[in-house]
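# here is my input; please provide its structure:
(2 chains)
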There are 2 protein chains.
Amino acid sequence: MDKFVKYIIKYNKDLDPVIDQVFDRDKKRLSQIAPVVEQFADDYKHFLKGGKKLRGSEIFLGYKMFGGKSKKMGLMASLVIEIVHSFLLIHDDFMDGDALRRGEPTMHKKYAKKYGDHFGESMAIDIGDEGCFLAFKLLNSLKLPRERLSKATQFFSDLLLEVGAGQALDLMYEEEKNLLEETVLRIHRYKTAGYTISGPLSIGALLAGASKKVLKPLEKFGIPVGVAFQIRDDELGMFSTEEQLGKPVDSDLKEGKITLLMVKALELARGDDKKFLKYAHGNQHLTLKEVERARQIIKDTGAYNYSHNKGRQLVEEGKKFIPQITKNKKDQEILGLLADFMIERKS
Amino acid sequence: MDKFVKYIIKYNKDLDPVIDQVFDRDKKRLSQIAPVVEQFADDYKHFLKGGKKLRGSEIFLGYKMFGGKSKKMGLMASLVIEIVHSFLLIHDDFMDGDALRRGEPTMHKKYAKKYGDHFGESMAIDIGDEGCFLAFKLLNSLKLPRERLSKATQFFSDLLLEVGAGQALDLMYEEEKNLLEETVLRIHRYKTAGYTISGPLSIGALLAGASKKVLKPLEKFGIPVGVAFQIRDDELGMFSTEEQLGKPVDSDLKEGKITLLMVKALELARGDDKKFLKYAHGNQHLTLKEVERARQIIKDTGAYNYSHNKGRQLVEEGKKFIPQITKNKKDQEILGLLADFMIERKS
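Below you'll find the predicted structure:
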């Protein structure tokens, strides 16, 4: 797994000047419209640079794995999904009511400091929209055969439509308190899984000129691994530290987020514990002690173990398809490391 | 002008089955993800059908004018900008805090009825995002030479980036109470003008295979006419009826919208009238009588006449460039009618 972490670190280092190049150009564009909006390019860049850039690293990986020759092209292409990812997070943070991300104020909170909450929210939505336009522009401007760009764009927009539908599902089910395991896994599937693993790998592959035949095994590999990614995300959201997470570890609980941990704990808990979990889930006013009690119940009922084992099992399920993706041993190894990382990562 | 209204009506009639086709397919996609999200496709379709579809009619016009042969292709291409326009309005309505559009609840208000304000706002943002993805997908999937699609996509994403920057300008200046004529015209220029006239005509032209040389005269024609469109929009926003406007006629005033009417009236008013306008602009709690007084001041100071003359002058300025766009007399005529419509329209 450490080897995959090293891969990500290396990728980030390589990507850094490409990010500067794209956003400095965008800053220039904005300055020509009016100096007062120049700042947005810097804000977006700063937000984007703060992330792990998992998805970008996977576009880059897919591109190289399927014969993409130019490193610069692979990096530029990979930035497309990172720009989109930032846009989705900026909108999500407003929808989830999150105040912090990566240890800093979320975009809507940042701008709220200037002229109040509604201004902050409006700016965050607008800046997010700008990110979306910029990503499609960047994708369309890659100097690659048009046929490849066309396939990748089609795949990419379908993928984003799926993410948006997954987000809607999440919003609906959260309100409806639909807390079935099937529901959690369905939300993870649409909101996260395709977009996190098979999606970026496939986009990289299509841009490198790979045949559409490769999409199926990439999906069979990436969907279960992507669901495991979200399972792990929710585990970290409940049991990590604020320092590592960059936001309060009680926010998922207080928001009433639908997680496998919570669904399973609610199913397994009995008596007062069950009552308490129902009281705690989605309760904005929990004390630290109450959060601690919820954590303890999630562990004691075996929900944490259940969740982690489920994630592990999904990762193993996905890994079986690696040999169908590529015959190259080194590429097979990195895909295996990537899959393990998704369920074992500490942040 | 009536001839242009007839043109729009005919276009809408032709577009209607194309809208059904695209959104019925989208509904099917959503139903496969989960039946609970099927409704969004219908909501989006309903929202889109309610509009005038000015911009779509212009893509269609530009496409035909520059040699586009297939009517079906022109209609399908024109739907791209109408989907985007609905998305932008759905987001804008939240940013502006508008409760009504076209006589019906705005998207965030509609969904707020189900599970409260924040749910409504989140759904509106998500549904808007979905619209954006759908538009880029539709554009990319048009069966036209890739080179044309590429040019049109580049133009389109640049255009949307400009709109987003214009929206940010609007949000900033509204808070800063920057009420200069130069400011209003700059916001109109970036937020509205390119996107409303020259943008759609150019996209249609590029999709029909026109050379890039045509973009310059289209811009010289479309930018002043597009600014006039917004000037007229603000006039209707203050002096139309709720029935014609589909929303309260006092909402621009109460929101503190930066309009040429208001900027000019503030400049020209004296004494108590000036004080009153300052009190009224951006005041959510105005009485009907106070709104009426603001209207009267805007007329009495000559601000309305100034605004309307400015719009008329811009339209004439733009019309001078029509002969550079096309030598075809019939096309020249329709462009002239289009330009006049923008400043004379009643709704």
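# please enumerate the strands of chain A.
Using DSSP state E, the strands of chain A run over A:100-101, A:104-105.
# so where's chain A uncertain?
For chain A, applying pLDDT under 70 flags the ranges A:1.
# center of it - which residue?
residue A:196 (5.9 Å; C-alpha atoms, centre = their mean).
# wait, that residue sits on residue A:227?
No - judged on C-beta atoms under 8 Å, residue A:196 makes no contact with residue A:227 at a distance of 9.1 Å. From N, CA and C alone the C-beta is placed, and that goes for glycine too.
# hang on, the earlier thing: skipping adjacent residues, who's closest to the residue nearest to the centre of chain A in space?
Closest residue to residue A:196 apart from its sequence neighbours, by C-beta to C-beta, 6 or more residues apart in numbering or on different chains: residue A:226 at 4.4 Å.
# kindly report the same for residue A:157.
Going by C-beta to C-beta, 6+ apart, residue A:157 has residue B:137 as its nearest residue, at 3.6 Å.
# can you pull the contacts of that neighbour?
Going by C-beta atoms under 8 Å, 6 or more residues apart in numbering or on different chains, residue B:137 touches A:153, A:154, A:157, A:158, A:161.
# would you check that the first one makes contact with residue B:140?
The one in question is residue A:153. Yes - under the criterion of C-beta under 8 Å, residue A:153 makes contact with residue B:140 at 4.4 Å.
# now do the helices in the stretch 51-200 of chain A.
Counting by DSSP state H, counting those that start in this stretch, the stretch 51-200 of chain A has helices at residues A:54-65, A:71-96, A:107-115, A:117-141, A:146-176, A:181-187, A:199-207.
# report how many residues lie close to residue A:33.
Residue A:33: 18 surrounding residues under other C-beta atoms under 10 Å in any protein chain shown.
# ok, it to residue B:342 distance?
Per C-beta to C-beta, to the nearest Å, residue A:33 is found 23 Å from residue B:342.
# what sits against residue A:61?
Contacts of residue A:61 by C-beta under 8 Å, 6+ apart are A:7, A:201, A:204, A:334, A:338.
# the residue nearest to residue A:196: what's it in contact with?
So residue A:226 contacts A:188, A:189, A:192, A:193, A:194, A:195, A:196, A:197, A:198, A:342 (C-beta under 8 Å, 6+ apart).
# just the closest of the residues you listed to chain B, please.
Using C-beta to the nearest C-beta, residue A:189 comes nearest to chain B of the contacts of residue A:226, at 8.8 Å.
# kindly report the residues of the stretch 151-300 of chain A close to chain B.
Neighbours of chain B within the stretch 151-300 of chain A, by C-beta under 8 Å from any C-beta of the partner chain: A:153-154, A:157-158, A:160-162, A:164-169, A:171-173, A:175, A:186, A:190.
# buried ones among those residues?
Among these, those classed as buried by 16 or more other C-beta atoms under 10 Å in any protein chain shown are A:153, A:157-158, A:160-162, A:164-169, A:171-173, A:175, A:186, A:190.
# gap between stretch A:51-69 and the chain center?
Stretch A:51-69 sits 15 Å away from the centroid of its parent chain (C-alpha atoms, centre = their mean, to the nearest Å).
# nearest spatial neighbour of residue A:38, chain-adjacent residues omitted?
residue A:31 (4.6 Å).
# tally of neighbours for the one you found?
Using other C-beta under 10 Å, residue A:31 has 14 other residues around it.
# distance check, it against residue A:194.
From residue A:31 over to residue A:194 the distance is 37 Å, taken as C-beta to C-beta.
# how about residue A:29?
From residue A:29 over to residue A:194 the distance is 32 Å, taken as C-beta to C-beta.
# the two: which is more packed in?
For residue A:29 versus residue A:194, the count of surrounding residues by other C-beta under 10 Å is larger for residue A:194: 23 against 16.
# for the more buried one, give me its contacts.
By C-beta under 8 Å, 6+ apart, residue A:194 lies in contact with A:159, A:162, A:163, A:219, A:222, A:223, A:226.
# widest-spaced pair of those residues?
Farthest pair in those (C-beta to C-beta) is A:163 and A:219. Separation: 15.0 Å.
# many thanks, I have nothing further to ask.
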